[in-house]
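J.: predicted model follows, preceded by the sequence.
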Amino acid sequence: MAVIEERENKSGGRSYRVKIRMKGYPVQTATFQRKTDAKHWAQNTESAIREGRYFTHTVSKQKLFGEFIDRYIEEILPLKPKSQYDQTIQLKYWRRAMGHMRMEEVTTSVVHTVRNRLLEGKTPRGRGRSNATINRYMAALSHAYTVAINEWEWAQDNPCKRISRLPESKGRTRYLNDVERERLLDACKASENKYLHTIVVMALSTGARRNEIVWLKWDDVHFERQVLILTDTKNRESRTVPIQSYALMLLQKRYKNRKKGQRYVFPSHVKLDKPIDIEKAWQTALRRAQINDFRFHDLRHTAASYMAMNGASLKEIGDILGHKTVQMTQRYAHLCEAHTKQIVAAMNNKFFACEIREESRYKI
C-alpha cells in the first residue's frame with residue numbers, strides 16, 4: 001500500500017514523499033515536487049511489484065553492461081565449448097563499446113549504432129566483415145540478454161529483438177580443382193600439425209564439418225561397419241557417415257598410434273581431454289599451397305561437388321551431409337546435370353529402342 005507524506009522545507013516549499021509497503025517486499029520510497037507525480041509513481045511501482053517487474057528494473061539501473069558480459073562469459077560460455085572461442089571475441093567487442101554503460105542505458109538505438117560501427121569497420125587484418133558475421137555478433141549478444149532476462153533477472157527487455165537481421169548471401173560453392181587439391185594435401189602432409197592431413201582427408205571424403213571431425217571420439221568410430229556416428233552435429237541430430245578407402249586407412253593408422261586413455265580421435269597437444277585446434281596450421285597450409293579465398297568449410301562444398309560430379313543424386317548428397325531440406329542441397333544441382341542426362345538417356349533408349357531404330361533408318 002502506498003502512503004504519500006506532504007513535507008514543507010525551511011524556505012516554505014513543499015515536496016511529497018511516497019512510501020510503498022507490500023508484504024514480502026522491501027519498502028520503496030521516492031520524493032517528488034508535485035503530488036500528481038508522486039501518485040503516478042506510486043501506481044506504476046505497485047503495479048510493477050505485483051507483476052514482478054520492478055526489482056528487475058532496479059537491478060538494470062545498478063548493473064553495468066560490462067558486468068553483464070563478464071558474467072555471461074564466465075558462467076555460460078564454458079557450457080558451449082564449440083562456440084566459446086568465437087563468441088568470446090564477439091561479446092568482448094560489445095563490452096569494449098558499451099561496458100561503461102548501465103544496463104538500462106543500453107537501448108535498441110545504442111545497439112544499432114554500435115552494430116553499424118562494427119559493419120563499417122575493419123578486422124585486425126584490414127578486411128571488411130560480411131553481413132553474416134555481423135549477424136553472428138548480434139546473435140551472441142541476443143542470447144546473452146535472453147539469459148539475463150530469464151535466469152538472472154538483470155534486464156526486462158532484449159534490445160536486439162527489434163533490430164532486423166542483415167541480408168545474407170545464399171552461400172557460395174567454392175570447391176577445389178584437381179591441382180589445388182593435390183597442392184593442399186601436400187601442404188597438409190608437410191604441416192607441423194601431425195593431425196591436419198588426416199583431418200582434411202576426412203573432410204574431403206565425408207563432407208563432415210570441421211567441428212564434427214575435430215570433436216570426434218573413438219566411441220563414435222566403428223571400424224567393423226566402416227562408419228562414423230556423428231552425435232554432436234549443427235542441427236543436433238545424429239547421423240551416420242561412411243568412412244572409406246584412404247580416409248579409413250589413415251584413421252586405422254591413427255587408432256594404432258593412439259595413446260592410452262585418449263577419448264578424442266584428434267586430441268590437443270596440451271590437454272588430452274580437449275580436441276585439437278587446427279586453425280593456425282590450416283592457414284599456414286593454405287599459404288604454402290598458394291590457395292586463396294578458401295575456408296575449411298569449403299572442403300564440405302568440395303566433397304559434395306565431387307559426389308555430384310560422380311553421379312550422386314541430390315537426395316544422396318543431402319543424406320550424407322545431413323541437410324534438413326532439399327533447398328540446402330540445391331546449390332549442387334548444376335553439377336548433377338551430366339548424370340541426370342545419362343539417366344534420362346538410358347530410360348529413353350530402353351523404352352523407345354524400336355522407335356529409335358526405325359527413325360535412324362531415315363536419318364540423312
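T.: That came through fine. These numbers come from a predicted model, not from an experiment. Numbers count the residues shown, from 1 in each chain.
J.: what's around Arg300, how many residues?
T.: 20 (other CB atoms under 10 Å). Where C-beta positions appear, they are placed from N, C-alpha and C, glycine not excepted.
J.: and it, what does it touch?
T.: The contact partners of Arg300, taken as CB atoms under 8 Å, 6 or more residues apart in numbering, are Ala203, Gly207, Ala208, Arg209, Leu321.
J.: next step: the residues you listed restricted to helices.
T.: Ala203, Leu321 (DSSP state H).
J.: just send the contacts of Arg300 back as a markdown table, with distance to Glu151 too.
T.: Converted to a markdown table, these look like this (distance: CB to CB, whole Å):
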| residue | distance to Glu151 |
| --- | --- |
| Ala203 | 37 |
| Gly207 | 37 |
| Ala208 | 34 |
| Arg209 | 30 |
| Leu321 | 35 |
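J.: quick one: the helices in the stretch 101-250 of the chain?
T.: Listed in chain order, the helices of the stretch 101-250 of the chain (DSSP state H, counting those that start in this stretch) span 108-120, 131-147, 178-189, 196-206, 210-214, 245-256.
J.: closest to Lys234 out of the ones you listed?
T.: helix 210-214 (7.9 Å; CB to CB).
J.: quick one: least confident helix or strand in the chain?
T.: Sorting the helices and strands of the chain by mean pLDDT, DSSP states H and E puts helix 54-62 at the bottom, at a mean of 60.
J.: now do whatever helix or strand comes next after that helix, average pLDDT.
T.: Scanning forward in sequence from helix 54-62 by DSSP states H and E, the next helix or strand is helix 65-75. The average pLDDT within helix 65-75 is 95.
J.: do the same with stretch 306-323
T.: In this model, stretch 306-323 has a mean pLDDT of 80.
J.: next, the distance between the ends of that stretch.
T.: Stretch 306-323 has an end-to-end distance of 17 Å (criterion: CA to CA, to the nearest Å).
J.: likewise stretch 43-63?
T.: 25 Å.
J.: so where is the protein shaky, pLDDT-wise?
T.: Counting by pLDDT under 70, the chain shows low-confidence ranges at 51-61, 170-173, 235, 326-327, 331-348, 350-352, 355-356, 358-364.
J.: can you map out the strands along it?
T.: Using DSSP state E, the strands of the chain run over residues 2-8, 14-20, 28-32, 221-222, 227-230, 239-242.
J.: direction included, what does the shortest one pair up with?
T.: Going back to what we said before, that points to strand 221-222. strand 227-230 (antiparallel) (DSSP bridges).
J.: same thing with the second one?
T.: Based on DSSP bridges, the strands next to strand 14-20 in the sheet, each with its direction, are strand 2-8 (antiparallel), strand 28-32 (antiparallel).
J.: gap between the first one and the chain center?
T.: Counting by CA atoms, centre = their mean, to the nearest Å, strand 2-8 is centred 55 Å from the centre of its parent chain.
J.: and if you look at stretch 38-45?
T.: Centre-to-centre, stretch 38-45 and its host chain are 44 Å apart (CA atoms, centre = their mean).
J.: next, the buried residues of that stretch.
T.: Ala38, Trp41, Ala42, Thr45 (16 or more other CB atoms under 10 Å).
J.: look up the closest residue to Gln252, ignoring the ones flanking it.
T.: Phe223 (6.6 Å; CB to CB, 6 or more residues apart in numbering).
J.: cool, Arg50 as well?
T.: Met22 (7.9 Å).
J.: the one you found reaches Ala48, doesn't it?
T.: No - assessed by CB atoms under 8 Å, Met22 is found out of contact with Ala48, at 10.9 Å.
J.: got phi/psi on Asn310?
T.: The phi and psi torsions at Asn310 (degrees, to the nearest 10) take the values phi -110, psi 20.
J.: now it: how far from Ala247?
T.: 16 Å (CB to CB, to the nearest Å).
J.: and among the strands paired with strand 14-20, the most buried is which?
T.: Comparing those on average neighbours per residue, with mean count of other CB atoms under 10 Å, the densest one is strand 28-32 at a mean of 15.
J.: ok, back up a step: what's the closest of the contacts of Arg300 to Arg115?
T.: Checking the contacts of Arg300 one by one against Arg115 (CB to CB), the nearest turns out to be Arg209, at 27.2 Å.
J.: quick one: neighbours of that closest one, just the number.
T.: When counting by other CB under 10 Å, one arrives at 19 neighbours for Arg209.
J.: and Ala203, what is it in contact with?
T.: Neighbour list for Ala203: Arg210, Ile213, Phe296, Leu299, Arg300, Ala303 [criterion: CB under 8 Å, 6+ apart].
J.: switch the cut-off to 6 Å
T.: By CB atoms under 6 Å, 6 or more residues apart in numbering, the contact list for Ala203 reads Leu299.
J.: now do it against Gln330, distance only.
T.: The gap separating Ala203 from Gln330 is 22 Å, by CB to CB.
J.: can I see the domain layout of this protein?
T.: 2-51, 65-152, 178-341 (automatic domain parsing).
J.: and the first one, how far out from the chain middle?
T.: Relative to the centre of its chain, domain 2-51 is centred 48 Å away, using CA atoms, centre = their mean.
J.: quick one: Ser268 and Gln262 touch, right?
T.: No - assessed by CB atoms under 6 Å, Ser268 is found out of contact with Gln262, at 10.5 Å.
J.: just give the nearest non-adjacent residue to Leu248, would you?
T.: The shortest distance from Leu248 to any non-neighbouring residue, by CB to CB, 6+ apart, is to Gln226 (6.1 Å).
J.: for Gln244, see how far away that neighbour is.
T.: As defined by CB to CB, Gln226 lies at a distance of 6 Å from Gln244.
J.: these two: which is more packed in?
T.: More neighbours surround Gln226 than the other of Gln226 and Gln244, with 14 against 11 (other CB under 10 Å).
J.: thanks a lot, see you next time.
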